[in-house]
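Chemist: coordinates only, no sequence provided:
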């Protein structure tokens, strides 16, 4: 590759990488400001919809209750206790609105509380699941958000002790609801309706997940999906639909017809999803209600209308997944319940064909070594081995080009005023020396999608959340917490507390240990490449490691470990080739000076 082309390709690589960093950085919020304005500008959507009425309680509160116990109320509640969940459900409406994930903590602090999934109505950002019935002109009514269910069996909802609730509408319809939960995150709600009236009635099972207002930390990252999600199809083919909060605000009434499938609301690591019987035709809807005031987001599901003859009964079963999006758990439910694409509740991204295999490989390595950081090192080594043949040819070509620098300088001086002739002579020189001028391009370009896939995998998979490496690196999914401004922890001071600039001191300009290691390996790798012929390009290349040191400082520690270790392996491979071909390189130059000293 001619030096000009090699330099151009290197520039293209870093420009593309910079664009990718800009687009997918955790600090890029895209059109979030406009989305927020749109969300506030959306008029109150139509409430004359039976499913929405059935799962809605009263109007959203104007003021909020800060104390959870007060919000839970004095009415009878049933405790929920499993190996993974704790909380309670209210007998009024049989609403599941109080739920914590006991295996996960909010922070790394040992005293940190468990992650909250659901919270009761009345508190800010209430989040809950509701099950009801809908039907036209039913004497005595049907169960809704205000129905006073009676507990007839069970006292605590556990994997081994389901509960049974009963409500009679006083006009011949008796509703029996049996709620069970497994040892992970799946609730099963089996509703039986007995018709003792002299007339036939037609009913539809209704269920919904409701979030009243969006927490400030949700929906602001363009790297991953947070908002409405569902898989819909006709019983044979299915597709997964995603609706970010910003897009949801602009389209507050999205309807889907499906046979089976699932739908709900997802956060980065957590999911609340409704799952019908997989042979049942359902009508699903993602709605935004009272956007100007309460900003209520609903995922509603209505089952098929079913007619109950006098002295007959029917049973409707709906499931609720409420928990962490662990890959093996989602795949387990996908298999046992025949759920289509349930594992795609994890936002694998448009490069899912790379992200999923990379995650699979990291999990396999983790099973061998018991440390996700070491697993990432092994992943990096595997990627480098896969690219070894291409990289080998690339570095051989670059080493030979470096040896030809004196001859190329002579050609440049000899034909300084004749660029076409200069290019012609350079190509002739490459042909004579049997150098492929394009050999260095492909390895550079292949690294970009792999880089993004590793980043995506680290960012969205809960397995990486709070996963430690060694020493101070206790969360591979978060950025390196060290920073130069407190001498890497020697000074008991938090630079983030500085007004106005604290965010930048603790973020982009933190100069963490990992960022410095990454920048140093990037500088050495570029120093081993043939120098750019143009002085301006040469200056740009010299300054680029500094720029990327600051850019990469805000990225997850696991990604910096991957990239720095990849640079080390690249440097080692490149050095062996350059040393064998007797090409000038900074390592041999340094060692020669050291020996002289």
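Modeler: Noted; the coordinates are in hand. Keep in mind that this is a model prediction, so the values were computed, not measured. Residues are numbered from 1 along each chain as shown.

Chemist: measure the most centrally placed residue in the chain to residue 277 for me?
Modeler: For the chain, the residue nearest the mean C-alpha position is residue 460 (3.0 Å; CA atoms, centre = their mean). Going from residue 460 to residue 277 by CB to CB, to the nearest Å gives 30 Å. Every residue, glycine included, has its C-beta placed from N, CA and C.

Chemist: which element is residue 239 on?
Modeler: Assessed by DSSP states H and E, residue 239 sits inside strand 238-244.

Chemist: ramachandran angles for residue 103?
Modeler: phi -90, psi 0 (degrees, to the nearest 10).

Chemist: excluding sequence neighbours, find me the nearest residue to it.
Modeler: residue 84 (5.5 Å; CB to CB, 6 or more residues apart in numbering).

Chemist: what residues are up against that neighbour?
Modeler: 101, 102, 103, 183, 184, 185, 323, 324 (CB atoms under 8 Å, 6 or more residues apart in numbering).

Chemist: for residue 323, see how far away it is.
Modeler: As judged by CB to CB, residue 84 and residue 323 stand 6 Å apart.

Chemist: joint contacts of the two?
Modeler: 101, 184, 185.

Chemist: any regions of the chain where pLDDT drops low?
Modeler: Within the chain, the segments meeting pLDDT under 70 span 1-62, 436-444, 532-534, 597.

Chemist: longest helix in it, by number of residues?
Modeler: In the chain, ranked by residue count with DSSP state H as the criterion, the top helix is helix 557-580.

Chemist: after that one, which helix or strand is next?
Modeler: Counting by DSSP H and E, the next helix or strand C-terminal to helix 557-580 is helix 586-596.

Chemist: what angle sits between that following helix and helix 557-580?
Modeler: Relative orientation of helix 586-596 versus helix 557-580 (axes from the mean of the first three to the mean of the last three CA atoms, to 10 degrees): 70 degrees.

Chemist: quick check: buried residues in helix 586-596?
Modeler: residue 587 (16 or more other CB atoms under 10 Å).

Chemist: what residues does that helix touch?
Modeler: By CB under 8 Å, 6+ apart, the residues outside helix 586-596 that reach it are 524, 527, 528, 571, 575, 578, 579.

Chemist: ok, now how distant is the residue nearest to residue 462 when sequence neighbours are not counted from residue 168?
Modeler: With sequence-adjacent residues excluded and distances taken as CB to CB, 6+ apart, residue 462 is closest to residue 269, at 4.4 Å. As judged by CB to CB, residue 269 and residue 168 stand 41 Å apart.

Chemist: kindly report the same for residue 294.
Modeler: Going from residue 294 to residue 168 by CB to CB gives 33 Å.

Chemist: check residue 402 too.
Modeler: Shown here: residue 402 relative to residue 168, a distance of 87 Å by CB to CB.

Chemist: the more surrounded of those two?
Modeler: Shown here are residue 402 and residue 168; by other CB atoms under 10 Å, residue 402 has more neighbours (18 against 14).

Chemist: I'd say the more buried one and residue 584 touch.
Modeler: Yes. Here residue 402 reaches residue 584: they are 6.3 Å apart, a contact under CB atoms under 8 Å.

Chemist: quick check: neighbours shared by the two?
Modeler: Overlap of the contact sets of residue 402 and residue 584 (by CB under 8 Å, 6+ apart) consists of residue 578.

Chemist: that older thread, what sits against the residue nearest to the centre of the chain?
Modeler: Residue 460 neighbours (CB under 8 Å, 6+ apart): 223, 224, 268, 346, 347, 348, 349.

Chemist: adding neighbour count, distance to residue 544 and secondary structure, write those out as CSV.
Modeler: Shown next, in CSV, are those (neighbours: other CB atoms under 10 Å; distance: CB to CB, whole Å; DSSP: H, G, I helix; E, B strand; the rest coil):
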residue, neighbour count, distance to residue 544, secondary structure
223, 17, 23, coil
224, 19, 28, coil
268, 20, 31, coil
346, 25, 34, coil
347, 21, 31, coil
348, 23, 30, coil
349, 21, 26, coil
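
Chemist: redo these as JSON lines? Include distance to residue 239.
Modeler: As requested, the contacts of residue 460 are arranged in JSON lines below (distance: CB to CB, whole Å):
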{"residue": "223", "distance to residue 239": "22"}
{"residue": "224", "distance to residue 239": "19"}
{"residue": "268", "distance to residue 239": "22"}
{"residue": "346", "distance to residue 239": "16"}
{"residue": "347", "distance to residue 239": "15"}
{"residue": "348", "distance to residue 239": "14"}
{"residue": "349", "distance to residue 239": "16"}
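
Chemist: pretty sure residue 329 is touching residue 182, no?
Modeler: No. With contact defined as CB under 8 Å, residue 329 does not count as touching residue 182 (10.4 Å).

Chemist: these two - which one has more neighbours?
Modeler: residue 329 (19 against 16).

Chemist: list the helices and strands the host helix or strand of residue 88 packs on?
Modeler: Assigned by DSSP H and E, residue 88 belongs to strand 85-90. Applying 3 or more CB pairs under 8 Å, 6 or more residues apart in numbering; DSSP states H and E, one finds that strand 85-90 contacts strand 77-81, strand 95-105.

Chemist: so which of the ones you listed is the most packed in?
Modeler: For these, the largest average neighbour count (mean count of other CB atoms under 10 Å) is found in strand 95-105, namely a mean of 20.

Chemist: which strands and helices sit next to that strand?
Modeler: strand 77-81, strand 85-90, strand 114-118, strand 127-134, strand 312-324.

Chemist: so which of the ones you listed gets nearest residue 263?
Modeler: For the helices and strands packed on strand 95-105, the distance to residue 263 is smallest for strand 312-324, at 10.7 Å, taking CB to CB.

Chemist: what angle sits between that closest one and strand 77-81?
Modeler: Orientation check (the same axes, to 10 degrees): strand 312-324 against strand 77-81 gives 50 degrees.

Chemist: the strand holding residue 88 pairs with which strands?
Modeler: strand 77-81 (antiparallel), strand 95-105 (antiparallel) (DSSP bridges).

Chemist: export the ones you listed to a markdown table and tack on distance to residue 456?
Modeler: Formatted as a markdown table, those follow (distance: least, CB to CB, whole Å):
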| stretch | distance to residue 456 |
| --- | --- |
| strand 77-81 | 33 |
| strand 95-105 | 21 |
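
Chemist: which residue ranges form the helices in the stretch 301-450 of the chain?
Modeler: 327-336, 352-369, 372-386, 388-403, 405-414, 419-433, 441-460 (DSSP state H, counting those that start in this stretch).

Chemist: out of those, which gets nearest to residue 490?
Modeler: Proximity to residue 490 (CB to CB) singles out helix 372-386 among the helices of the stretch 301-450 of the chain, at 23.7 Å.

Chemist: just checking, what packs against the closest one?
Modeler: In terms of contacts (3+ CB pairs under 8 Å, 6+ apart), helix 372-386 is packed against helix 352-369, helix 441-460, helix 557-580.

Chemist: quick one: residues in contact with the first one.
Modeler: Applying CB under 8 Å, 6+ apart, the external contacts of helix 352-369 come out as 327, 344, 348-349, 372, 374-376, 378-379, 382, 449-450, 453-454, 456-457, 461, 463.
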